[in-house]
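*Asks:* predicted structure and sequence below. I'll ask about it afterward.
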Amino acid sequence: MIKKKFSRGHKRNRIYRPLPQKKEKHRINKKIDAEKVRLVGGGSIENGIYSIQEALQFSRNRELDLVEINPKLNPPVCKILDYKKFLYEQKKRKKQFKAKQVKVNTKEIRFGPQIGDHDGKVKIKSAEKFLMRGDKVKVFVFFKGRSIVYKDQGKIKLLKFAEEIEEYGKVEQMPVMEGKRMYMILAPKKL
């Protein structure tokens, strides 16, 4: 027996497993294992309970698929339709729903309790820009060392900030102290 030498990193006892099969979302045609099914929305076919053979025959006559919509009920609910088209429409609906969802980002603005007027106006301009874009703004006043004794001054700065930006956003959460910083959350005004 000849021993093969392997280069570094090569594993001798590698186990190869087959890739997992993609599981179908719905059972169709002969994969439906119930004896009787409840047909709904079949067009010219009346809604009702039919044997699986009858339902399959109806679907074959129309050259469509018998699709199990709700397998949890007894008997399971099935529909006669074009399965590929059905999947495409579901995917399309899901994509449209996802596109309609609005993602709200939260931007942060920080300053100290003794911020100057000009610096404050720069911070206000950037907050206005964020609010006009539809983002929420979390405004922090951070206290370093002994500046913690100026809590009232920090609260006044935050309230003044909210007053200056009132045209673009409204206060969602009033100033709250958290550790060594005080923060307030502003939400954009809906136009």
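*Replies:* Okay, I see it.
*Asks:* contacts and neighbour counts: CA atoms only from here.
*Replies:* Noted.
*Asks:* how does the protein divide into domains?
*Replies:* 29-98, 106-188 (automatic domain parsing).
*Asks:* and those domains, which one's lowest on average pLDDT?
*Replies:* Across the domains of the chain, domain 29-98 has the smallest mean pLDDT, namely a mean of 84.
*Asks:* what's the span of that one from first residue to last?
*Replies:* End-to-end distance of domain 29-98 (Cα to Cα, to the nearest Å): 31 Å.
*Asks:* about what we covered before: can you put the domains of the chain in a markdown table and add distance to residue 17 and mean neighbour count?
*Replies:* Formatted as a markdown table, the domains of the chain follow (distance: least, Cα to Cα, whole Å; neighbours: other Cα atoms under 10 Å):
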| stretch | distance to residue 17 | mean neighbour count |
| --- | --- | --- |
| domain 29-98 | 26 | 15 |
| domain 106-188 | 45 | 17 |
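*Asks:* would you list the ones you listed in CSV and tack on distance to residue 18?
*Replies:* Shown next, in CSV, are these (distance: least, Cα to Cα, whole Å):
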stretch, distance to residue 18
domain 29-98, 23
domain 106-188, 44
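*Asks:* residue ranges of the strands in the protein, please?
*Replies:* Using DSSP state E, the strands found in the chain span residues 36-39, 48-51, 65-70, 77-81, 106-111, 136-142, 169-178, 181-188.
*Asks:* columns distance to residue 158 on top of these, output as JSON lines?
*Replies:* JSON lines is the format used below for the strands of the chain (distance: least, Cα to Cα, whole Å):
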{"stretch": "strand 36-39", "distance to residue 158": "63"}
{"stretch": "strand 48-51", "distance to residue 158": "66"}
{"stretch": "strand 65-70", "distance to residue 158": "55"}
{"stretch": "strand 77-81", "distance to residue 158": "59"}
{"stretch": "strand 106-111", "distance to residue 158": "10"}
{"stretch": "strand 136-142", "distance to residue 158": "7"}
{"stretch": "strand 169-178", "distance to residue 158": "7"}
{"stretch": "strand 181-188", "distance to residue 158": "7"}
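*Asks:* among the ones you listed, which is nearest residue 30?
*Replies:* Closest approach to residue 30 among the strands of the chain (Cα to Cα): strand 65-70, 8.6 Å.
*Asks:* quick one on the thing from earlier: wait, which of the strands of the chain is closest to residue 88?
*Replies:* Per Cα to Cα, nearest to residue 88 of the strands of the chain: strand 77-81, 12.4 Å.
*Asks:* what packs against the closest one?
*Replies:* Counting by 3 or more Cα pairs under 8 Å, 6 or more residues apart in numbering; DSSP states H and E, the packing neighbours recorded for strand 77-81 are strand 36-39, strand 65-70.
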